[in-house]
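**Q** Need a 3D model of the sequence below.
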Amino acid sequence: MTDEFENNLQLLVKGIHIDWEKIGNDSYLRDIPALCDLEDLTFQKNITMFVGENGSGKSTLLEALAIDCGFNPEGGSRNYQFSTYDSHSKLCEAMRVTRGVRRPKWGYFLRAESFYNVATAEDEYSKGPGGNPQHFHECSHGESFLKLVQQNFGQDGLYLLDEPEAALSPQRQLTLLLEIVRCAKNGSQFFIVTHSPILLGIPDAQILSFDDGPIHPIEYEKTESYQVTKMFLDNKEQFLRRLFDEE
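**A** Presented below is the predicted three-dimensional model:
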């Protein structure tokens with residue numbers, strides 16, 4: 001038995017299947033190249049990164065996976081029931097999640113675009129009996145984001161993050177990276193949508209690209225996030241000159 005197969009047996013979420021007969025022929029989901037032919041997707045690592053251009057379907061798939069795993073569409077833990085705007089796709093209704101033999105002890109769905117709403121809900125829930133008010137809105141965006149992560153991430157958990165770098169400086173992204181690796185070493189599983197070359201650099205993560213057709217594995221150095229950042233840092237003046245000439 002290979003190490004990869006042994007790792008897959010330990011995953012909390014091993015894969016997904018999409019039944020396209022449950023999705024209308026006029027659905028915009030059928031117009032997303034990365035998703036339109038997707039029926040089965042297997043996960044090989046306990047840290048899976050979704051990369052690709054804006055609009056390539058990364059967040060759509062992550063959101064559907066989160067909902068099918070029992071999370072609130074806007075984010076939070078499985079205990080969260082609030083809703084400020086119903087915008088999720090019908091993909092979750094056509095998706096079946098293949099789970100491993102283990103069950104997560106805890107979990108969290110954290111998305112940059114609705115973090116304010118989640119932080120508000122966290123503050124409200126913490127005021128209940130036995131709660132410990134957190135006052136997230138009294139911190140900066142980045143500080144409150146990391147505070148929420150550090151208080152909710154632990155071992156044997158399932159965590160889905162949608163562009164977590166949006167709130168964080170490069171230094172704080174490194175702090176988040178360490179938190180992710182620490183939890184993953186203690187039995188947790190992560191699915192992360194990101195454009196950050198820092199987070200994408202997490203060792204031994206599975207990186208799945210949503211660009212250029214169907215979803216496919218990609219090496220870190222071949223991701224656009226890495227290549228564009230490297231080109232810019234290696235020769236900023238030439239890069240900007242070429243960019244301005246194309247205007």
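
**Q** buried stuff in stretch 182-189?
**A** Within stretch 182-189, the residues that count as buried by 16 or more other CB atoms under 10 Å are C183, A184, G187, S188, Q189. For every residue, glycine as well, the C-beta is placed using N, CA and C.

**Q** To clarify, my last question referred to stretch 146-153.
**A** Per 16+ other CB under 10 Å, stretch 146-153 contains these buried residues: L146, K147, L148, V149, N152, F153.

**Q** mind listing what the fifth one touches?
**A** In this structure, N152 makes contact with S77, W106, Y108, judged by CB atoms under 8 Å, 6 or more residues apart in numbering.

**Q** picking up where we left off before, is it possible to get the buried residues of stretch 146-153 out as JSON lines so that each row also shows pLDDT?
**A** Listed next are those as JSON lines, based on pLDDT from 0 to 100:
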{"residue": "L146", "pLDDT": "84"}
{"residue": "K147", "pLDDT": "81"}
{"residue": "L148", "pLDDT": "80"}
{"residue": "V149", "pLDDT": "83"}
{"residue": "N152", "pLDDT": "82"}
{"residue": "F153", "pLDDT": "90"}
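
**Q** What residues of stretch 67-82 count as buried?
**A** Result for stretch 67-82 [16+ other CB under 10 Å]: buried residues I67, D68, C69, F71, N72, P73, E74, G75, G76, S77, R78, Y80.

**Q** now do stretch 12-25
**A** Quick answer for stretch 12-25 (16+ other CB under 10 Å): L12, V13, K14, G15, I16, I18, W20, I23.

**Q** what does stretch 101-109 give?
**A** Within stretch 101-109, the residues scored as buried using 16+ other CB under 10 Å are P104, G107, Y108, F109.

**Q** which residues does the nearest residue to the first one once chain neighbours are set aside bridge with?
**A** Distances taken as CB to CB, 6 or more residues apart in numbering place L158 nearest to P104, at 4.0 Å, with adjacent residues excluded. On the basis of DSSP bridges, L158 is bridged to G107, Q189.

**Q** Which residues are in contact with L158?
**A** L158 touches L12, V13, C69, P104, W106, G107, S188, Q189, counting by CB under 8 Å, 6+ apart.

**Q** what about it, distance to C36?
**A** For L158, the distance to C36 equals 27 Å [CB to CB, to the nearest Å].

**Q** Ok, S59 next?
**A** S59 is 16 Å from C36, where distance means CB to CB.

**Q** ok, and the closest non-adjacent residue to the residue positioned nearest the centre of the chain?
**A** The chain has I192 as the residue nearest its centroid, 2.5 Å off, counting by CA atoms, centre = their mean. Leaving aside its sequence neighbours, I192 sits nearest to L161 (CB to CB, 6+ apart; 4.6 Å).

**Q** Could you list every helix and strand in contact with the longest helix seen in the chain?
**A** In terms of residue count, the longest helix belonging to the chain (DSSP state H) is helix 170-185. With contacts taken as 3 or more CB pairs under 8 Å, 6 or more residues apart in numbering; DSSP states H and E, helix 170-185 sits against strand 47-51, helix 141-152, strand 157-162, strand 189-193.

**Q** looking at these, which has the lowest confidence?
**A** For the helices and strands packed on helix 170-185, mean pLDDT drops lowest on helix 141-152, to a mean of 78.

**Q** what angle do that helix and helix 170-185 make?
**A** 10 degrees (axes from the mean of the first three to the mean of the last three CA atoms, to 10 degrees).
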